[in-house]
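> What would the 3D arrangement of this be:
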Amino acid sequence: MPSSERRQAEEKEEAQAMAEKWNNEAVPPKVQAQVAETKGANMIEHFATEMFKKAGMRVFVLSTWKNRKSKLMLGDHDFNDQFANGESFMKTRD
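All right, here's what the predicted structure looks like:
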């Protein structure tokens, strides 16, 4: 086997091992921070949308994560007013 093919096979094995580890554990903190910052809100909106469509549930999500500088961040996610004339949880008053 030529060295380039051997290198590709080794890289593929390493990538598969890393993917298996990440699927069974958690991704490294730097990757978690990047995903939270760039995709977190969209992932939560997708979750809220699916819960309403498939279960008729309205959800409010309070999220925390560490950013790339390990600072604790806090977010609130309320999409209830987007579904079937729903009322925003954040605007609800006694």
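
> Do a quick rundown of the strands in this protein.
Listed in chain order, the strands of the chain (DSSP state E) span 60-66, 72-78.

> and the first one, which strands flank it?
Based on DSSP bridges, the strands next to strand 60-66 in the sheet, each with its direction, are strand 72-78 (antiparallel).

> how about JSON lines for the strands of the chain, with mean neighbour count added?
C-betas here are computed from N, CA, C, even on glycine. Listed next are the strands of the chain as JSON lines, based on neighbours: other C-beta atoms under 10 Å:
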{"stretch": "strand 60-66", "mean neighbour count": "13"}
{"stretch": "strand 72-78", "mean neighbour count": "13"}
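
> So which elements touch the longest helix belonging to the chain?
Using DSSP state H, we find that the single longest helix of the chain is helix 29-55. Judged by 3 or more C-beta pairs under 8 Å, 6 or more residues apart in numbering; DSSP states H and E, the packing partners of helix 29-55 are strand 60-66, strand 72-78.

> now the last one, how far from the centre of its chain.
Offset of strand 72-78 from its chain centre (C-alpha atoms, centre = their mean, to the nearest Å): 13 Å.
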